[in-house]
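Undergrad: got a predicted structure plus its sequence, pasted below:
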Amino acid sequence: MENLTFSPSRRQLSNYLARLVLLLAVVCGITVLVTHNAATTGIGAVVVLVPLALGAARGRTTLSGTGIEIRRPLGPRQSVEWKQVKEIREEVRGGTQLLRVELTSGRSFPLPAPAHTVLSPNPDYAAERDRVLAYRKQRSGRRPNRR
């Protein structure tokens, strides 16, 4: 069985970063008008922009014969064996659609990709979601859960 890897596309990343920069420009403009201090506003913008820009990459999800490997830009790499995975289900919250992995231990976590959000729309999300759920079904012989 081949590995499947999911990560945000360049289009998603550029769309997210463009919206982020626009939002930050508006907030900085308002801050300068209120505080009359451009230097403080600039430092604040860098402090806010750097973590948000790093978070834009959102990481990568790789499905393999042994399990799931997750890489996040602002966190450690995480590996989970298939025998630890109870289910993978779709979760929808507001304008965000993502997949959540529930472990046999009761712990759960979202996959960084595939995902679809208002700030970073993914037109291929439905197809990618179906590929993840089908891969899981092949690994376990269980029926995938969709919500």
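TA: Right, received. Where do you want to start?
Undergrad: could you measure from the residue lying closest to residue 115 once chain neighbours are set aside over to residue 116?
TA: Distances taken as C-beta to C-beta, 6 or more residues apart in numbering place residue 98 nearest to residue 115, at 4.4 Å, with adjacent residues excluded. Quick note: C-beta positions are derived from backbone N, CA and C, even for glycine. Residue 98 sits 8 Å away from residue 116, taking C-beta to C-beta, to the nearest Å as the criterion.
Undergrad: report the buried residues of the lengthiest helix in the chain.
TA: Assignment by DSSP state H gives helix 10-35 as the longest helix of the chain. For helix 10-35, a neighbour-count test (16 or more other C-beta atoms under 10 Å) marks 12, 13, 15, 16, 17, 20, 24, 28, 31 as buried.
Undergrad: is the closest residue in space to the third one that isn't next to it in sequence in a helix, a strand, or coil?
TA: Looking back up the chat, that one is residue 15. The shortest distance from residue 15 to any non-neighbouring residue, by C-beta to C-beta, 6+ apart, is to residue 120 (6.1 Å). Each residue gets one of three states, and residue 120 gets coil by DSSP: H, G, I helix; E, B strand; the rest coil.
Undergrad: picking up where we left off before, centre of the chain to the longest helix of the chain, how far?
TA: Relative to the mean C-alpha coordinate of its chain, helix 10-35 is positioned 20 Å out (C-alpha atoms, centre = their mean, to the nearest Å).
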